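**Student:** coordinates only, sequence not included:
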């Protein structure tokens with residue numbers, strides 16, 4: 001049996017654990033640190049699970065000191081990721097760490113230094129880099145088929161972006177902006193595909209939609225503009241057909257004065273060879289406008305893929321040929337990447353494998369996001385390095 005400790009037993013942690021359980025690999029949650037332990041125990045009972053074998057804690061250090069664990073999963077809110085990870089790294093335990101690995105420079109540097117001292121093998125929750133589409137793209141790029149990649153255009157038009165304005169994610173004290181929440185994934189898979197180091201970044205962000213003068217703390221239940229607001233329970237049923245009936249809900253207003261987060265952002269990244277990447281993300285696209293992918297151009301050809309269509313195409317430049325590859329990950333979360341990460345972490349806990357999404361990649365991606373945020377705020381180019389380097 002592999003004994004798993006969990007720090008922050010939220011929806012994302014439960015999802016990863018659920019995938020691990022499907023492998024029937026003998027993984028068992030034996031300890032949980034959370035501030036909602038009574039609620040968690042009740043939910044487990046309601047799902048037909050028995051929490052008697054789980055030790056509940058409210059202090060991570062106490063759990064890590066008292067329990068004999070084969071691995072730890074951190075699924076807290078974002079602002080705690082780094083500091084909880086440092087505690088695990090100090091015990092040299094295998095770690096599954098949610099992204100972003102840190103939300104500010106101080107925490108990121110603490111995490112970097114702790115990693116240098118630790119023997120922990122860390123799997124960062126970067127599923128995109130191990131999806132069938134990216135693995136295929138990596139295989140084709142490394143074969144030399146399109147030549148050396150000399151330019152990248154990447155995009156993420158988020159079809160479910162409302163969660164960043166009408167749920168807890170709207171709190172910028174937690175998210176520290178949407179480069180850290182979303183671009184951290186995209187920067188990582190781009191770095192992985194290119195295999196070279198990013199050196200400089202400049203960025204811009206804007207907030208054009210999810211802003212307004214509605215009162216702070218207003219919820220949909222309390223609002224009198226159900227017919228005017230396209231995010232209201234009325235329109236979720238009547239116009240958008242996303243709910244089976246008009247259901248009241250307690251979601252905070254996305255057009256109130258206390259709504260955080262930008263709703264679009266873009267970055268230019270220069271790499272060590274001199275080539276550059278342009279990346280853009282948007283959070284008010286809807287339905288079929290949702291897309292996420294990249295176009296990578298070499299002299300011999302262009303490779304393009306999109307998770308929304310599960311397709312990859314190679315356009316050859318000097319011969320009349322287009323190659324199309326189709327994958328099917330409709331029944332898999334995060335394009336199939338979560339399954340790979342869960343399997344990898346099981347093998348890491350057994351001592352059979354190295355991480356396919358190492359902490360060094362998470363630290364670099366978070367650093368790029370923090371520099372992008374600083375660039376957007378100061379309208380300056382930022383060198384991608386730590387302040388003490």
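**Tutor:** Looks like it arrived, so ask away. If you're wondering where the values come from, they're calculated on a predicted model, not measured in any experiment. Numbering: from 1, shown residues only.
**Student:** Next up, the contacts around residue 76.
**Tutor:** By CB atoms under 8 Å, 6 or more residues apart in numbering, the contact list for residue 76 reads 7-8, 10, 84, 98. No exception for glycine: its C-beta is placed from N, CA and C like everyone else's.
**Student:** now the chain, which segments are flagged as low pLDDT?
**Tutor:** 389 (pLDDT under 70).
**Student:** ok so, going back, report the buried members of the contacts of residue 76.
**Tutor:** 7-8, 84, 98 (16 or more other CB atoms under 10 Å).
**Student:** May I see those residues arranged in CSV, with distance to residue 53 and secondary structure as well?
**Tutor:** Converted to CSV, the buried ones among the contacts of residue 76 look like this (distance: CB to CB, whole Å; DSSP: H, G, I helix; E, B strand; the rest coil):
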residue, distance to residue 53, secondary structure
7, 18, strand
8, 20, coil
84, 23, helix
98, 24, coil
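**Student:** now, which of those sits nearest residue 219?
**Tutor:** Comparing the buried ones among the contacts of residue 76 against residue 219 with CB to CB places residue 8 closest, at 25.2 Å.
**Student:** thinking the closest one is in contact with residue 78, fair?
**Tutor:** No - if you go by CB atoms under 8 Å, residue 8 and residue 78 don't touch, sitting 10.2 Å apart.
**Student:** Next, show the common contact partners of the two.
**Tutor:** Common contacts of residue 8 and residue 78, defined by CB under 8 Å, 6+ apart, comprise residue 98.
**Student:** need the helices for this structure, in chain order.
**Tutor:** Along the chain, the segments classed as helices by DSSP state H run 11-22, 37-46, 60-66, 81-90, 105-117, 132-142, 172-175, 178, 184-194, 233-238, 337-350, 359-378.
**Student:** Can you give me the buried ones in the fifth one?
**Tutor:** When you say that, I think you mean helix 105-117. Taking 16+ other CB under 10 Å as the criterion, helix 105-117 shows 107-112, 114-115 as buried.
**Student:** just how off-centre is it within its chain?
**Tutor:** Helix 105-117 has its C-alpha centroid displaced from the chain centroid by 20 Å (CA atoms, centre = their mean, to the nearest Å).
**Student:** For residue 182, give its distance to residue 283.
**Tutor:** Separation of residue 182 from residue 283 (CB to CB, to the nearest Å): 8 Å.
**Student:** Mutual contacts of these two, please.
**Tutor:** When contacts are counted by CB under 8 Å, 6+ apart, residue 182 and residue 283 have residue 158 as shared neighbours.
**Student:** returning to what we had before: how about the contacts of residue 76, which pair is most distant?
**Tutor:** Counting by CB to CB, the most remote pair of the contacts of residue 76 is 10 and 84, 12.7 Å apart.
**Student:** Please work out how many residues are found near residue 48.
**Tutor:** Close neighbours of residue 48, defined as other CB atoms under 10 Å, add up to 6.
**Student:** Now it. Its backbone dihedrals?
**Tutor:** Dihedral angles of residue 48 (phi, psi; degrees, to the nearest 10) stand at phi 80, psi 10.
**Student:** Would you mind stating the distance between it and residue 210?
**Tutor:** Applying CB to CB to residue 48 and residue 210 gives a distance of 39 Å.
**Student:** now do residue 14
**Tutor:** 28 Å.
**Student:** Looking at these two, which is more packed in?
**Tutor:** residue 210 (23 against 18).
**Student:** Tell me which residues touch the more buried one, please.
**Tutor:** Contacts of residue 210 by CB under 8 Å, 6+ apart are 164-165, 254-255, 259, 261, 263, 283-284.
**Student:** can we see that at 6 Å?
**Tutor:** Counting by CB atoms under 6 Å, 6 or more residues apart in numbering, residue 210 makes contact with 165, 254, 259, 263.
**Student:** so how far is residue 292 from the first one?
**Tutor:** Meaning residue 165. Distance from residue 165 to residue 292, by CB to CB: 19 Å.
**Student:** what's the answer for the last one, then?
**Tutor:** Using CB to CB, one obtains 16 Å as the distance from residue 263 to residue 292.
**Student:** same check, this time on the second one
**Tutor:** In this structure, residue 254 and residue 292 are 22 Å apart, going by CB to CB.
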